[in-house]
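S.K.: task: produce atomic coordinates for the following.
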Amino acid sequence: MPIAFWIAHVEVTNPEAYALYAKGATEAIAAHGGKFLARNGRHVQLEGKDRARNVLAQFPSLEAAVACYNSPAYQAALAHAQGAAVRDLVVVEALD
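M.R.: Residues are numbered from 1 along each chain as shown. Okay, here's the model as predicted:
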């Protein structure tokens with residue numbers, strides 16, 4: 001089963017509330033076998049809308065990444081991000 005990547009592009013509008021999201025999301029991601037490969041590092045926007053925060057997390061599978069997103073722990077964390085950020089999130093399965 002191929003690994004999968006969780007790719008998020010984020011513009012934080014309320015840093016205090018988003019920090020609560022980040023703490024809970026980090027715990028939920030780890031609980032589902034996810035690990036961060038990049039988070040808020042240097043980047044160069046070559047096309048599309050630039051967002052200051054870019055996140056790449058690796059999961060054991062696409063199903064694990066989606067299960068994480070739908071988990072009660074992640075959804076509780078996500079409640080803090082609502083109204084505190086503009087986000088795009090996609091899960092992409094790696095090639096074999």
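S.K.: need the contact list for the most far-flung residue of the chain relative to its centre.
M.R.: The C-alpha centroid of the chain is most remote from D96, which lies 22.5 Å away (Cα atoms, centre = their mean). D96 is in contact with P2, counting by Cβ atoms under 8 Å, 6 or more residues apart in numbering. Bear in mind the C-beta positions are built from the backbone N, C-alpha and C, glycine included.
S.K.: grab the nearest non-local neighbour of L95.
M.R.: Of all residues not flanking L95 in the chain, P2 sits nearest, at 6.9 Å (Cβ to Cβ, 6 or more residues apart in numbering).
S.K.: got phi/psi on the one you found?
M.R.: phi -70, psi 150 (degrees, to the nearest 10).
S.K.: could you do A52 as well?
M.R.: phi -70, psi -30.
S.K.: just the pLDDT for it.
M.R.: On pLDDT, A52 comes in at 92.
S.K.: my read is that it contacts H9, right?
M.R.: No: A52 lies out of contact with H9 (Cβ atoms under 8 Å); the separation is 9.1 Å.
S.K.: which one's more surrounded, those two?
M.R.: Higher neighbour count among A52 and H9: H9, with 19 against 11, using other Cβ atoms under 10 Å.
S.K.: kindly state the beta-bridge partners for that one.
M.R.: In this entry, H9 is beta-bridged to N54, D88, by DSSP bridges.
S.K.: ok, now which ones touch it?
M.R.: So H9 contacts K49, R51, R53, N54, R87, D88 (Cβ under 8 Å, 6+ apart).
S.K.: cool, thanks, signing off.
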